[in-house]
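In: quick one, what's the 3D model for this:
(one chain, ligands or ions: 2)
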Amino acid sequence: MPKTKQPAIPEAVQSKELHEEDRILSNEQKQQAIATFTKFLTQEHYRSTEERFKVLEMVLHRVGHGHFNADELYANMVMSKIRISRATVYSTLELLEKAGIIIKHNFRTDRSYYEVGFDEPHHDHLICVKCGHISEFVNPQLLSIRKQVADMAGLKVVDHSFQIFAECPEPGKCPHNQ
Ligand SMILES: [Zn+2]
Ligand SMILES: [Zn+2]
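Out: Numbers count the residues shown, from 1 in each chain. Ligands and ions are numbered 1, 2, ... in the order given. All right, here's what the predicted structure looks like:
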């Protein structure tokens, strides 16, 4: 049987891997995040403490360095000689999530992971279940699928979350696992 040639996928619908340098925030975006958090704390009657803003500052500083869990962020702050309690880091992350500044992910690990949620473009995740490596990608096809599905139900898309769980073909030789 002749080998059937795979049709080439047009570039407009290809998956594109997202790299760290794609995630750098502008100063304007950082200022906007601080303003959003200030407004949120006031509206929800939480105190605008210095510690809470130190946590936000560290979150913004970390953008481009991957997803983080609460303990990693706490360790970053301790390393930077910022006086803060672990409990404050945990509770502030919850507030930042409620304020829409960060997104919480459950990548089927025992911890929740966070990342900033207001930067563009919207991306999705490919998780290696063997070594836990998380890659980010953007695929325009997902955007048309979500619109198509929501349109059929007469709804307007607000957001989506899509995760692919996969394993490296040769565990132990995974480039992410070195
Ligand atoms: Zn792997
Ligand atoms: Zn991500």
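
In: gap between stretch 42-54 and the chain center?
Out: Its chain's average C-alpha position is 23 Å from that of stretch 42-54, according to C-alpha atoms, centre = their mean, to the nearest Å.

In: what residues does it touch?
Out: Contacts to stretch 42-54, defined as C-beta atoms under 8 Å, 6 or more residues apart in numbering, come from residues 34, 37-38, 40-41, 77, 82, 84, 88, 92, 95, 98. Using the backbone N, CA and C atoms, a C-beta is placed for each residue, glycine as well.

In: and the two most separated of those residues?
Out: Spatial extent of these (C-beta to C-beta) is set by the pair Ile82 and Lys98 at 22.4 Å.

In: the more surrounded of the two?
Out: Neighbour comparison, Ile82 and Lys98: the larger count goes to Ile82, with 15 against 12 (by other C-beta atoms under 10 Å).

In: surely that one touches Tyr74?
Out: No. Counting by C-beta atoms under 8 Å, Ile82 stays clear of Tyr74, with 9.7 Å between them.

In: if we can go back for a sec, can you say which of the contacts of stretch 42-54 are buried?
Out: For the contacts of stretch 42-54, a burial check counting by 16 or more other C-beta atoms under 10 Å picks out 37, 40-41, 77, 84, 88, 92, 95.

In: possible to save those residues as JSON lines with secondary structure and pLDDT?
Out: Formatted as JSON lines, these follow (DSSP: H, G, I helix; E, B strand; the rest coil; pLDDT from 0 to 100):
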{"residue": "Phe37", "secondary structure": "helix", "pLDDT": "98"}
{"residue": "Phe40", "secondary structure": "helix", "pLDDT": "98"}
{"residue": "Leu41", "secondary structure": "helix", "pLDDT": "97"}
{"residue": "Met77", "secondary structure": "helix", "pLDDT": "95"}
{"residue": "Ile84", "secondary structure": "coil", "pLDDT": "95"}
{"residue": "Thr88", "secondary structure": "helix", "pLDDT": "97"}
{"residue": "Thr92", "secondary structure": "helix", "pLDDT": "98"}
{"residue": "Leu95", "secondary structure": "helix", "pLDDT": "98"}
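
In: show me what from this protein comes close to ligand 1.
Out: By the rule C-beta under 5 Å from the ion, the part of the chain lying against ligand 1 is 128, 130-131, 168, 174, 176.

In: would you state the strands of this protein in chain order?
Out: 16-18, 102-105, 113-116, 124-128, 134-138, 163-166 (DSSP state E).
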